[in-house]
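> here is my input, please return the structure:
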Amino acid sequence: MNIALFASGSSGNCALVSDGETHILIDAGISARRIRAGLTAQDVAMADLTGVLVTHEHSDHVKGLTVLLRRDPVAVYALPAVCAALRKLLPERTDCLHEIAPGEPFCLGNVCVTAFPTPHDALEPCGFAFSNGCARFAIATDIGYAREGWMKYILGADAVILEANYDPDMLTAGSYPFELKKRILSRKGHLSNDDAGAVAAKLVQSGAKQIILGHLSKENNFPELALRTVELILRQNGIDPESDLDLRVALRDETTGLFALNSEMR
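Numbers count the residues shown, from 1 in each chain. Sure thing, here's the model as predicted:
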């Protein structure tokens with residue numbers, strides 16, 4: 001499998017998972033123009049998409065969907081409550097919407113997909129785990145806290161896009177209103193850099209060879225700090241972040257590389 005992130009951050013999220021034949025878009029939280037440009041850069045046309053997966057209904061994950069589907073009616077998959085919200089957003093494209101069930105694998109082309117529930121202040125948020133027999137990949141963002149319930153779906157993955165949204169000190173001292181700070185810090189908010197480090201250590205111990213820190217806050221984090229915090233926690237758990245895995249940070253507003261995954265990474 002190959003993974004390309006077109007954007008990852010509080011202002012927009014979109015990624016492509018592809019095995020050369022099956023092409024799956026994850027979220028559409030950037031403009032349709034940017035999504036099409038990202039696909040073109042990966043030699044994928046809208047008509048080539050097997051489907052679009054939506055993690056939840058917040059605008060930074062769906063704001064490009066209406067325009068994107070206006071010209072290209074691609075199948076969209078989401079949990080039931082998210083589908084209900086999307087029916088209001090896409091009244092002319094409700095035929096494109098397909099409900100999926102949490103924890104129940106289904107196939108899109110050659111790729112097996114499993115949606116798993118995540119703790120976040122949305123209607124029915126989820127992450128996704130992917131497998132095609134050669135590699136396992138997962139995306140876990142917009143998560144309030146680390147718990148076994150959702151982590152069991154990503155342990156054993158070869159690569160994971162993992163949320164590292166904020167630095168607690170920056171958030172506390174920052175200009176956000178108190179209620180917004182409380183929301184982010186809550187068990188239905190976001191993962192901090194420290195949380196991400198603790199989860200990353202468990203991922204590496206379960207076999208992960210690549211972790212991409214994503215969904216960084218523009219106001220309450222910066223890439224170097226997220227990377228440094230996670231590296232420190234990895235070292236505290238006996239993991240060398242330079243030799244034991246490929247650790248990097250996703251860019252907020254532009255494409256972050258193309259990552260090729262296979263079981264030989266282990």
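> residues near Val249, how many?
Residues lying near Val249 (other CB atoms under 10 Å) number 21. No exception for glycine: its C-beta is placed from N, CA and C like everyone else's.
> likewise for the one 4 residues further on?
Burial of Asp253 is recorded as 13 neighbouring residues (other CB under 10 Å).
> so what's the spatially closest residue to it that is not a sequence neighbour bridging to?
Using CB to CB, 6 or more residues apart in numbering and skipping the chain neighbours, the partner closest in space to Asp253 is Ala7 (5.9 Å). With DSSP bridges as the criterion, Ala7 is bridged to Cys14.
> please enumerate the helices of the stretch 101-250 of the chain.
Taking DSSP state H, counting those that start in this stretch to define them, one finds helices in the stretch 101-250 of the chain at 148-151, 168-173, 178-185, 193-205, 223-236.
> worst mean pLDDT across the helices and strands of the protein, which element?
One helix or strand of the chain scores below all others by mean pLDDT, DSSP states H and E: strand 256-260, with a mean of 71.
> need the contact partners of the helix or strand containing Val52.
Element membership of Val52, judged by DSSP states H and E, is strand 51-53. By CB atoms under 8 Å, 6 or more residues apart in numbering, the surrounding residues in contact with strand 51-53 are 24-28, 65, 68, 74-78, 98, 108, 113, 115, 128.
> mind checking which of the residues you listed are buried?
For the contacts of strand 51-53, a burial check counting by 16 or more other CB atoms under 10 Å picks out 24-28, 65, 68, 74, 76-78, 108, 113, 115, 128.
> any idea which of the helices of the stretch 101-250 of the chain is most buried?
Of the helices of the stretch 101-250 of the chain, the one with the most neighbours on average (mean count of other CB atoms under 10 Å) is helix 193-205, at a mean of 22.
> chain center to it, what's the gap?
Centre-to-centre, helix 193-205 and its host chain are 16 Å apart (CA atoms, centre = their mean, to the nearest Å).
> what is Val160 paired to in the beta sheet?
Those that pair with Val160 in a beta bridge, by DSSP bridges, are Ala138, Ile211.
> that one is in contact with Ala208, isn't it?
Yes - counting by CB atoms under 8 Å, Ala208 is a contact partner of Val160 at 5.9 Å.
> those two: who's more crowded?
A count of neighbours by other CB under 10 Å puts Ala208 above the other of Val160 and Ala208, at 28 against 24.
> and that one, how far from His23?
24 Å (CB to CB, to the nearest Å).
> same deal with Asp244?
31 Å.
> quickly find the element holding Ala84.
Using DSSP H and E, Ala84 falls in helix 80-89.
> and the very next helix or strand once past that helix, which strands flank it?
As assigned by DSSP H and E, the chain's next helix or strand after helix 80-89 is strand 97-99. Strand 97-99 pairs in its sheet with strand 76-78 (parallel), by DSSP bridges.
> which residues does the strand it pairs with contact?
Residues from elsewhere that reach strand 76-78 (CB under 8 Å, 6+ apart): 51-55, 65, 69, 86, 90, 93, 96-100, 106, 108, 113.
> buried ones from these, can you make that a PyMOL selection?
PyMOL command restricting these to the buried ones, with burial defined by 16+ other CB under 10 Å:
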select buried, resi 51+52+53+54+55+65+69+86+90+93+96+97+100+108+113
